[in-house]
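**Student:** mind folding the following:
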Amino acid sequence: MIQDIYPSSLDNSFKVCQPKGSDSFLAFDGSGRLLASTGGDLRFPDGDMLGMPDAVYLFSVDDRAYFLVQQEIQTPDGYGYYTIRELRDRFGGIDSCRTELFAAFTAYHLWKWYNDNRFCGYCGGRLRRSLTERARVCECGSTIYPRINPAVIVGVIKGDSILITRYRTGYRHNALVAGFTEIGETLEQTVEREVYEETGIRVKNIRYYKSQPWGMAQDILIGFFCEADSDEIHMDENELKYAEWVRREDIVLQPNDISLTNEMMKVFKRGEKV
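**Tutor:** Okay, here's the model as predicted:
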């Protein structure tokens, strides 16, 4: 999955530090596209290449620090701006690019938070960076922390079949039922509601599988398997364009293995215990 970068490891602890010329600089344009190399492996410019622009520390992977550029810069030769989805589709299947792709996802999550929280929602004052924690603070006393949206991924099982879906818009490959947790819900209640709303299926025996950070949507994805307590599908055509029971041997996986959804489909396809 996207976070599986072993033997490397992410250090996301908060720090106030100055960049070095050899550090990686993550520069986003106004629409959220990221400056990256245009050929070969996925790479980001370093400080020396960009002339050490104003930047804030984000995180480190092993000994490499990543900084978020805070000003407009000139695009260096051999680099261009790409959406996170474009980077996922281009580099998601290349093992040598896994660490940098995870860095891109995580940096996008933080860029989105910084970009969306420039002014206080209470008094309208300009927010500034905290010097003691990862937060935006206002003179009125408001403190804003990075937003993380909980969402469930659900593998609904009926014997040797699993409920496969495809979204009405957006991602075009096979998926599982998914949705965001609403106010006042447990994760298990989210599973029950989302499956029923999207497919008309009632479920039982809900069990946790695994979780995944998904920075491109500011999510934490929580995977569950469960059993169908009914089998007639009534698909929500506003959300989905496909929802069918698919036998494990007929499952078509996604084109790369960076998502929790694909791993869940893969373990069921292989007949592993879920």
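
**Student:** give me phi/psi at the closest residue to Lys158 other than its chain neighbours?
**Tutor:** Using Cβ to Cβ, 6 or more residues apart in numbering and skipping the chain neighbours, the partner closest in space to Lys158 is Ala228 (4.3 Å). Heads up, the C-betas are built off the backbone N, CA and C, glycines and all. Dihedral pair for Ala228: phi -70, psi 130, per degrees, to the nearest 10.

**Student:** where's Ala228 relative to Glu198, distance?
**Tutor:** Note on Ala228: its distance to Glu198, by Cβ to Cβ, to the nearest Å, is 13 Å.

**Student:** what of Leu253?
**Tutor:** Noted for Leu253: a distance of 21 Å to Glu198, by Cβ to Cβ.

**Student:** ditto for Gly159
**Tutor:** For Gly159, the distance to Glu198 equals 20 Å [Cβ to Cβ].

**Student:** partner strands of the lengthiest strand in the chain and their direction?
**Tutor:** For the chain, the longest strand by residue count, based on DSSP state E, is strand 203-214. Note on strand 203-214: by DSSP bridges, its sheet partners are strand 219-228 (antiparallel).

**Student:** end to end, how far does stretch 178-190 reach?
**Tutor:** Its first and final residues considered, stretch 178-190 spans 9 Å by Cα to Cα, to the nearest Å.

**Student:** and the contacts of it?
**Tutor:** For stretch 178-190, the surrounding residues in contact (Cβ atoms under 8 Å, 6 or more residues apart in numbering) are 149-154, 193-194, 197-198, 206, 221-222, 224, 261.

**Student:** buried residues of stretch 130-140, list them for me.
**Tutor:** Neighbour-count burial for stretch 130-140, counted by 16 or more other Cβ atoms under 10 Å, picks out Arg134, Ala135, Arg136, Val137, Cys138.

**Student:** which of the residues in the longest strand of the chain are buried?
**Tutor:** For strand 203-214, burial by neighbour count (16+ other Cβ under 10 Å) applies to Val203, Ile206, Tyr209, Ser211, Gln212, Pro213, Trp214.

**Student:** for the chain, which spans come out with low pLDDT?
**Tutor:** Filtered on pLDDT under 70, the chain yields no residues whatsoever.

**Student:** could you chop it up by domain?
**Tutor:** Domain assignment for the chain, taken from automatic domain parsing, gives 10-116, 149-269.

**Student:** dump these into JSON lines; add distance to Met1 as well.
**Tutor:** What follows is the domains of the chain, written out as JSON lines (distance: least, Cβ to Cβ, whole Å):
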{"stretch": "domain 10-116", "distance to Met1": "9"}
{"stretch": "domain 149-269", "distance to Met1": "5"}
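
**Student:** determine which two of the buried residues of strand 203-214 are furthest apart.
**Tutor:** Within those, Val203 and Pro213 form the most distant pair, 25.3 Å apart (Cβ to Cβ).

**Student:** following the host helix or strand of Tyr57, which helix or strand shows up next?
**Tutor:** Here Tyr57 sits within strand 55-61, counting by DSSP states H and E. Toward the C-terminal end, the helix or strand that comes next after strand 55-61 (DSSP H and E) is strand 64-69.
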